[in-house]
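Student: This is a predicted model, with the sequence first.
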Amino acid sequence: MGVISVRELNANVSRALSRVEAGETLRITRNGKVVAELRAVAEEYDTPERREAIARLREVASFGLKLGAPFSYEERTGRDPLQR
């Protein structure tokens, strides 16, 4: 884990990002105190459970969701607007 000051980070953003992409975590300091941590994004969101949940949501959404209220004219009145 590396330590870098805000001033150094501002002057060398590309170099700091290269270190992070290589797997290093950088602690960013201001006036000698750690104020932030810069690290690579973990791919924790791409899990089998998440993909399965998204697939279930897409399946439910393909049928449409009944929210409890009639939305169309036909549903509200029980008749076809083209028929007299």
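Tutor: Thanks, I have it.

Student: Isn't residue 34 up against residue 27?
Tutor: Yes: shown here, residue 34 and residue 27 form a contact pair, counting by C-beta atoms under 8 Å, at 4.8 Å. Heads up, the C-betas are built off the backbone N, CA and C, glycines and all.

Student: Please identify every residue contacting each of the two.
Tutor: residue 3 (C-beta atoms under 8 Å, 6 or more residues apart in numbering).

Student: list the helices and strands the helix or strand of the chain with the lowest mean pLDDT packs on?
Tutor: Using mean pLDDT, DSSP states H and E, helix 73-77 stands out as the lowest-scoring helix or strand of the chain, at a mean of 78. The contact analysis (3 or more C-beta pairs under 8 Å, 6 or more residues apart in numbering; DSSP states H and E) places helix 73-77 against no helix or strand.

Student: can I get the CA coordinates of that helix in CSV?
Tutor: This file holds the C-alpha atoms of helix 73-77, laid out as CSV (Å, rounded to 0.1, in the frame of the first residue of the first chain):
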residue,chain,number,x,y,z
TYR,A,73,-59.5,2.9,-21.6
GLU,A,74,-60.7,-0.7,-22.0
GLU,A,75,-59.6,-1.7,-18.5
ARG,A,76,-61.2,1.4,-16.9
THR,A,77,-64.5,1.2,-18.7
